[in-house]
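Visitor: coordinates for the following, if possible.
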Amino acid sequence: MKMMDTTIYNLGCSFKTHVSPIDIINKQLNPGGKKVTNLASPWLSLDGVLRRLYTTNFETDSLLFIGLPLSNRFQGINLVEQLIFHSWFTILLIQKRLQELNLNHYLYNSVYGHMQHNADMLQLKKLKSEISLHNYFQPNHGIKDLVDTDYVLWCKKFIKFIKEK
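Guide: The predicted model follows:
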């Protein structure tokens, strides 16, 4: 994938102390190209990602990477089904907004995998089935699942995923 002339944005949850995985991926896929515009921030919620998708003016040929944070950021203790519903519904809204913007994008879980949950409720099963996994890297896993073992390996797998799209 050639990204030399593409403006790359990183949205969603980020880490305070180290380089974003998108910086590493951009450096590998786009040596000497544009830098990543980092709109991610620590502790940003799923609805915060959605808010940024509606309030940021992205360049027409942009490529967006969205780190999907934990489902319970800024929420009190809730039933598991409510948290799963909130996560999946917001991810679906994010995907719908990205479709409206007609921008290339990739989703990845910045902490733990959102799609690893199984649901018994019919409404949750339907909601989960509507989430597209086409540009969603390792939907059942997050960086936290692998960062303690091999962060660079995670980035290499993400690069392979991007090149295959």
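
Visitor: ramachandran angles for Thr37?
Guide: Note on Thr37: its backbone torsions stand at phi -90, psi 110 [degrees, to the nearest 10].

Visitor: wait, I meant Tyr106
Guide: Tyr106 has phi and psi values of phi -140, psi 140 when expressed as degrees, to the nearest 10.

Visitor: what sits against it?
Guide: Remark: with contacts taken as C-beta atoms under 8 Å, 6 or more residues apart in numbering, Tyr106 is in contact with 63-66, 135-137, 158, 161-162, 165. Glycine gets a C-beta too; all of them are placed from N, C-alpha and C.

Visitor: and for Leu127?
Guide: By C-beta under 8 Å, 6+ apart, the contact set of Leu127 is 85, 88-89, 92.

Visitor: from His86, how far off is His114?
Guide: Using C-beta to C-beta, to the nearest Å, His114 is found at 10 Å from His86.

Visitor: now Gln138
Guide: The spacing between Gln138 and His86, counted by C-beta to C-beta, is 21 Å.

Visitor: go on, Val36?
Guide: With C-beta to C-beta as the criterion, Val36 and His86 are 28 Å apart.

Visitor: ok, so of the contacts of Leu127, who is nearest Glu59?
Guide: For the contacts of Leu127, the closest approach to Glu59 (C-beta to C-beta) belongs to Leu92, at 24.8 Å.

Visitor: so that closest one is in contact with Lys126, correct?
Guide: No: with contact defined as C-beta atoms under 8 Å, Leu92 does not reach Lys126; the gap is 10.6 Å.

Visitor: ok, these two, which is more surrounded?
Guide: Each of Leu92 and Lys126 had its neighbours counted (other C-beta atoms under 10 Å), and the higher figure belongs to Leu92 (15 against 11).

Visitor: A strand includes the more buried one, no?
Guide: No: according to DSSP: H, G, I helix; E, B strand; the rest coil, Leu92 belongs to no strand; its state is helix.

Visitor: now do the contacts for it.
Guide: By C-beta under 8 Å, 6+ apart, the residues touching Leu92 are 127, 130-131.
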